[in-house]
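Engineer: Next input, structure requested:
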Amino acid sequence: MAGMTSSARPHLNRRLAEFGTTIFAEMSALAVATGSINLGQGFPDTDGPEEVREAAVRALRDGRGNQYPPGPGVPELRTAIAAHQQRRYGLSYDPDTEVLVTAGATEAIAASLLALLEPGDEVVALEPYYDSYAASIAMAGGRRVPVTLRPAFDEGARFRLDLDELRAAVTDRTRLLLINTPHNPTGTVLTRAELAAIAELAVERDLLVVTDEVYEHLVFDDAEHLPLAAFPGMRERTVTIGSAGKTFSFTGWKVGWVTGTQELVTAVRTAKQYLTYVSAGPFQYAIAEALRLPDAYFDRFRTDLHRKRDLLGDGLRAAGFEVYQPQGTYFITTDITPFGEKDAYAFCRALPERCGVVAIPNSVFYDDPDAGRSQVRFTFCKKDDVLHEATGRLRRLTS
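Structural biologist: From the prediction side, this is the model:
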């Protein structure tokens, strides 16, 4: 039998055949088309600190970064990232060899997985997960192995990691653990005991770990963000990913970074240089200044988001949703079964017409959609009046 001709073969690489337009693009387009309030995609509706924005303007006017910046990132930003890790967590990194600037955290994730995986390697990831994880694992030829976080109502409706299930997921084919804390979309912040168990497992089984910590400054109540790289035996096997977008409310600048040992960062840089090579030149200088802001900025930012979390959470409960209280990030996961609904995707597709609000169905973040079939995610990184208006509209669900 003759082979399939080029014109007959699907254009999209079969590794990406299961992926289409991201749910964020789909729902944001729906928000625009219907004039709805967008509580789906996680971008603030106000800019970050004025002094940081002015630093970007100053860099543009001074001609800094208007041409290609250095491949690893401008020295000022790499130095600021290293200083941030030392000041906040006591982690020491050489800014010249152990820090890499990326085009946002999404590129950092893709470059890390492309660099560290061989085809057939297994990646254990906490489910539900940010949709780029699955796509990046597929592009690298890896095989994803989900470990599902599940609500534990005896812990304040917190999603909990089953450590026995995590250990059972690791096989002789496992190359890497992909850990996200604070966790999107559930808002879970892994505890010291959970992180210590993950570290022990990684050391015992000689695994690499990639940690997505972009929400590191967005933790509430008594939760505490602890970087996995700070645990015994983990610095030499952990790639830590951070991002300016979530911390400073400039998501469009797409400035992220990677920290790790020289060997790990060199591997990631090798892949990254063939993705974007460089990006966001003037913005890198601005984020260098942002990372040097006093602790008072980070405290105010966290306090304000904590208040917004409670504002939206109370409004969602009043509208009839079951609410899972997040310990971090700027998302709230809810359950729609109190409305007699079970299909989150259908619910979110209809919600703009019913209420003029857009949300995200968590089912798209699971390998098994049934695991999150009735879960819907909302974001609270919006102005107070927007949150009040949105929750008021959502009360139509029970009127």
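Engineer: now the helices: where do they sit in the stretch 1-150 of the chain?
Structural biologist: With helices called from DSSP state H, counting those that start in this stretch, the stretch 1-150 of the chain shows them at 23-34, 50-61, 75-89, 104-116, 131-139.
Engineer: Tell me which of those helices is the most buried.
Structural biologist: Burial of these is given as mean neighbour count (mean count of other CB atoms under 10 Å); helix 104-116 ranks first at a mean of 25. C-beta here means a position set from N, CA and C on the backbone, and glycine is covered the same way.
Engineer: Can you pull out the low-pLDDT segments for the stretch 151-300 of the chain?
Structural biologist: In the predicted model, the stretch 151-300 of the chain carries pLDDT under 70 at residues 153-157.
Engineer: how does it look with 90?
Structural biologist: 151-158 (pLDDT under 90).
Engineer: those strands in the stretch 101-250 of the chain, which residues are they?
Structural biologist: Counting by DSSP state E, counting those that start in this stretch, the stretch 101-250 of the chain has strands at residues 122-127, 143-148, 150-152, 158-160, 174-180, 208-212, 238-243.
Engineer: Listing partners with orientation, what would you give for the third one?
Structural biologist: Paired with strand 150-152 in the same sheet, following DSSP bridges, are strand 158-160 (antiparallel).
Engineer: got the buried residues for the partner strand?
Structural biologist: 158-160 (16 or more other CB atoms under 10 Å).
Engineer: and what of stretch 186-196?
Structural biologist: Burial within stretch 186-196, assessed by neighbour count using 16+ other CB under 10 Å, is assigned to 186-191, 194-196.
Engineer: Could you do stretch 284-301 as well?
Structural biologist: Of all the residues in stretch 284-301, those buried under the rule 16+ other CB under 10 Å are 284-291, 293, 297-298, 301.
Engineer: Touching that stretch from outside, list them.
Structural biologist: Residues outside stretch 284-301 that contact it (CB atoms under 8 Å, 6 or more residues apart in numbering): 48-49, 51-53, 55-56, 58-59, 64-65, 69, 73-74, 76-77, 79-81, 83-84, 101, 217-218, 244, 247-248, 250, 253, 255.
Engineer: And that stretch, end to end?
Structural biologist: 21 Å (CA to CA, to the nearest Å).
Engineer: Count the neighbours of Ala271 for me.
Structural biologist: For Ala271, the number of neighbouring residues by other CB atoms under 10 Å comes to 17.
Engineer: List just the nearest of the buried residues of stretch 186-196 to Asp212.
Structural biologist: Among the buried residues of stretch 186-196, Leu190 lies closest to Asp212 (CB to CB), at 11.7 Å.
Engineer: nearest residue to the closest one other than its sequence neighbours?
Structural biologist: The shortest distance from Leu190 to any non-neighbouring residue, by CB to CB, 6 or more residues apart in numbering, is to Thr181 (4.2 Å).
Engineer: thinking again about what came up before, could you point out which of the helices of the stretch 1-150 of the chain sits nearest Cys348?
Structural biologist: Closest to Cys348 of those is helix 23-34 (CB to CB; 6.7 Å).
Engineer: which secondary structure elements does the closest one contact?
Structural biologist: strand 37-38, helix 344-355, strand 357-358, strand 360-361 (3 or more CB pairs under 8 Å, 6 or more residues apart in numbering; DSSP states H and E).
Engineer: In CSV, list these along with mean pLDDT, distance to Thr174 and mean neighbour count.
Structural biologist: Formatted as CSV, those follow (pLDDT from 0 to 100; distance: least, CB to CB, whole Å; neighbours: other CB atoms under 10 Å):
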stretch, mean pLDDT, distance to Thr174, mean neighbour count
strand 37-38, 94, 38, 22
helix 344-355, 94, 30, 18
strand 357-358, 96, 37, 26
strand 360-361, 94, 29, 26
